[in-house]
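A.B. asks: Take this sequence and fold it.
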Amino acid sequence: MNPDKLNCLVISASFNGNKFHPMPFNTEMVRAILEGRKTQTRRVINPQPDDIYCKNPEKVIARFEETGEDKELNLVYSRGDILWVREAFCSLKNSETGKIEYAYKVVNGCNAPSSLVKSNNHAPLKFKPGRYMPRDAARIYLQVENVWVHRIKEITANNILREGVKDYPEHPEQFRKDYLRKDFERLWDSINAGRGFGWSANPWVKVIQFRRLDI
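C.D. replies: Okay, the predicted model is just below:
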């Protein structure tokens, strides 16, 4: 990472009124971002509305039947905002410099970087979940290009690919779309079903489209 580029990004974002947000990704999705396959992510809207009848990204109006209210939803993320990726990581103190350095599961697996092998006593690394990552450990930055809402089952095959699901180019088109949808359904349920927002529930989601920044 280039500290000068990061400082310029912080200054530019502040000047333009954009915000920085942490966003956790699992190891599979971090790998997809690094490989350039993932440029979208979908996050559950919570609490879930019963309907959304105004889907303008600048003003999303939702209906909540329990209270009989129509409310404008705060989607949190806006075009131009910066996301810093939270991923599985560990921190080690360099025995020679005394500085804290970081290793990442996607890059290092269970092995410490060569510069930190001695500091780690040649032991396998113990990674912490990304939700515990401090901002100074972040190495991947994304810029939000667009935000919108829909029910999860409305996702298209092309957008499933943008979610980082691997393609089936050798299959006929209809089989390809079916396989992509099944793979994304499994991925979605592995993350969200346990929270009550599985594929079968067809929850409302916010879609964040982004590009990776060269920092």
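
A.B. asks: measure the closest residue to Met133 other than its chain neighbours to Ala138 for me?
C.D. replies: Using Cβ to Cβ, 6 or more residues apart in numbering and skipping the chain neighbours, the partner closest in space to Met133 is Arg86 (4.4 Å). No exception for glycine: its C-beta is placed from N, CA and C like everyone else's. Look at Arg86 and Ala138: by Cβ to Cβ, to the nearest Å, they are 7 Å apart.

A.B. asks: returning to what we had before: bridging residues for the residue nearest to Met133?
C.D. replies: Beta-bridge pairing for Arg86 (DSSP bridges): Pro24.

A.B. asks: That one contacts Arg139, correct?
C.D. replies: No. Contact criterion Cβ atoms under 8 Å: Arg86 and Arg139 do not qualify, at 10.8 Å.

A.B. asks: out of the two, which sits in the busier spot?
C.D. replies: Arg86 (21 against 17; other Cβ atoms under 10 Å).

A.B. asks: in the protein, which helix or strand is least confident?
C.D. replies: helix 3-16 (a mean of 76; mean pLDDT, DSSP states H and E).

A.B. asks: Mind listing residues that contact that helix?
C.D. replies: 19-20, 80-82, 141, 213-215 (Cβ atoms under 8 Å, 6 or more residues apart in numbering).

A.B. asks: Filter those residues down to just the ones in strands.
C.D. replies: 20, 82, 141 (DSSP state E).

A.B. asks: picking that back up, need the overlap of contacts for Arg86 and Ala138.
C.D. replies: Counting by Cβ under 8 Å, 6+ apart, the residues touching both Arg86 and Ala138 are Pro22.

A.B. asks: thinking again about what came up before, so which bits of the least confident helix or strand of the chain are buried?
C.D. replies: The neighbour-count check on helix 3-16 (16 or more other Cβ atoms under 10 Å) flags 9, 13 as buried.
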